[in-house]
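Participant: for reference, the sequence and a predicted model appear below.
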Amino acid sequence: MEKHDLGRTSLGMDANLAALLSYLFWFISGFIIYVLEKENKFVRFHAMQSILSFGFLFGFGVIVSFIPFIGVLMVPVCWVISTMLWIILMFKAYNGEYFKLPVIGDIAQKNAS
C-alpha cells in the first residue's frame, strides 16, 4: 500500500478529503469528482474506481433482483458487500492510500491520467 504526500486539488480541498468524497454517494459522487477534478491523479483514481465499482454493483443488484428466488437471496448479500466495500474504500482514500481493487483498480489507474 503506497502512501503519498497528496497536496491539494484543483477543487481547493485536501486530496484525501476529495478522494473520500468521491465514494460518499457511490458512483454519483465519483462521477462528479472525476469531472470536476482536473489535476490530482490520486483523486481522479479514486473517483474512477468509485464509478466503476459501485456502478457495477448497482447494475448487478438491479439485474439480479429480477431473477426469481435467487434475487431474493442475492440482493441482500450484494448490499452487505457493497456497504463493507464502501467503508473500506473511504477509509483507504482518506488515509492517502492507492488501494486498488482487482481488475477495476487497473482500469481506474489507466483512466486517472
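Facilitator: Yep, that arrived. Numbering: from 1, shown residues only.
Participant: what sits against the closest residue to Glu37 other than its chain neighbours?
Facilitator: Nearest non-adjacent residue to Glu37, counting by C-beta to C-beta, 6 or more residues apart in numbering: Val43, 4.8 Å away. C-beta: built from backbone N, CA, C; applies to glycine. Residues near Val43 by C-beta atoms under 8 Å, 6 or more residues apart in numbering: 6, 9, 11, 15, 18-19, 22, 33, 37.
Participant: with secondary structure and pLDDT as added columns, please give those residues in a markdown table.
Facilitator: Formatted as a markdown table, the contacts of Val43 follow (DSSP: H, G, I helix; E, B strand; the rest coil; pLDDT from 0 to 100):
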| residue | secondary structure | pLDDT |
| --- | --- | --- |
| Leu6 | coil | 75 |
| Thr9 | coil | 89 |
| Leu11 | coil | 91 |
| Ala15 | helix | 94 |
| Ala18 | helix | 95 |
| Ala19 | helix | 96 |
| Ser22 | helix | 97 |
| Ile33 | helix | 97 |
| Glu37 | coil | 95 |
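Participant: how about the residues you listed, which pair is most distant?
Facilitator: Leu6 and Ile33 (13.9 Å; C-beta to C-beta).
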